[in-house]
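>>> Requesting a structural model of the entry that follows:
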Amino acid sequence: MSGSLSGRVAVITGAGRGIGAAITQALAAAGASVVLIGRDAGRLESQAASLGTSASVQTADVTDEASVKAAFAAIRSRHPRIDILVNNAGQAASSPLAKMDLAHWNNMIAVNLTGTFLCTREVVPAMIKQDYARIVNVASTAGLIGYSYVSAYAAAKHGVIGLTRSLALETAKSRLTVNAVCPGFTETDIVRDAVANIMSKTGKSEAEARAALVATNPQARMVQPGEVANAVLWLCTPGSESITGQSISISGGEVM
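You can find the predicted model right below:
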């Protein structure tokens, strides 16, 4: 797909590492000018430097309305239009619901769902007037099915999928498509933290903890960030115009 996004501007949130970093690499390799959004300027700058002159950085907290507005105003001052938005910023934390405090709940909703809403709202008015536009939300298999001890995270990701479907219907007569990708357990810092948490609470070895996480994956392996990035790239390239309102599971067959 080299060159298929030449001349396009893509904004990716949570772009400094993991799935977000893989997505920036895939879109940049396809010719897009990528704007990396996140809170850690140093990490973003390092990632952008690896991509060359087609990459730039904009710091923002996606949970803060004023921060998001300022970030997108700055991006629009540098680019005449935004063609692609990838809402990837997210966090995962576990807690039994009966022991969950309101701060935990609010944080999961804010980072995973409200951030997606705030960033999306910034681009939709212009995108529905363009001859090409793409929004891809990085949800999770937790948005398609439930998992124990992550009810706040699962609720937020279910919300992202609902938002994706509703906005796709609202904008269906424009050239904007809105889709979600739903990775299963993916080789990222979030999963490494989950493995460490399992080890500390159960006494399992690292191998046993990792095996527990992939037990429901028919392929019995972790998803790789590049595999998620490839799906995002496909949704952003010409030829995917009829794909909208979809939530694509990238999980080795876990969700069928």
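>>> Identify the residues contacting the top helix by length along the chain?
Determined from DSSP state H, the single longest helix within the chain is helix 151-170. Contacting residues not belonging to helix 151-170 are listed as 87, 91-95, 97, 100, 104-105, 107-109, 111-113, 116-117, 120, 124, 135, 137, 139-140, 142-144, 146-147, 177-180, 182, 244-245, 247 [CB atoms under 8 Å, 6 or more residues apart in numbering]. C-beta coordinates here come from the backbone N, C-alpha and C atoms, glycine included.
>>> Now with 6 Å, please.
Helix 151-170 is contacted by residues 92, 97, 105, 108-109, 112-113, 116, 137, 139-140, 142-143, 146-147, 178, 180, 244-245, 247 when judged by CB atoms under 6 Å, 6 or more residues apart in numbering.
>>> That one: which residues count as buried?
151-161, 163-165, 167-168 (16 or more other CB atoms under 10 Å).
>>> continuing past that helix, what's the next helix or strand?
Using DSSP states H and E, the next helix or strand after helix 151-170 towards the C-terminus is strand 176-183.
>>> Strand partners (parallel or antiparallel) of that next one?
strand 133-138 (parallel), strand 247-250 (parallel) (DSSP bridges).
>>> now the shortest one: mean pLDDT?
Meaning strand 247-250. Predicted confidence along strand 247-250 averages 98 (mean pLDDT).
>>> Would you check that I84 makes contact with T237?
No: here I84 does not reach T237: they are 10.0 Å apart, not a contact under CB atoms under 6 Å.
>>> Which of the two has more residues huddled nearby?
Using other CB atoms under 10 Å, the more surrounded residue of I84 and T237 is I84, with 27 against 16.
>>> what is the more buried one paired to in the beta sheet?
Applying DSSP bridges to I84 yields these beta-bridge partners: A10, R134.
>>> surely A71 meets T59?
No: look at A71 against T59 with CB under 6 Å: they stay out of range, at 7.2 Å.
>>> which one of these two has more residues nearby?
A71 (23 against 16).
>>> which residues touch the more buried one?
For A71, counting by CB under 6 Å, 6+ apart, the contacting residues are Q58, A60.
>>> In the sheet, which residues pair with the closest residue to M256 other than its chain neighbours? Tell me.
Leaving aside its sequence neighbours, M256 sits nearest to S249 (CB to CB, 6 or more residues apart in numbering; 7.8 Å). Assessed by DSSP bridges, S249 has beta-bridge partners C182.
>>> correct me, but S249 touches V181?
No: between S249 and V181 there is no contact under CB under 6 Å: 8.3 Å.
>>> Since that was my last question, I'll sign off now.
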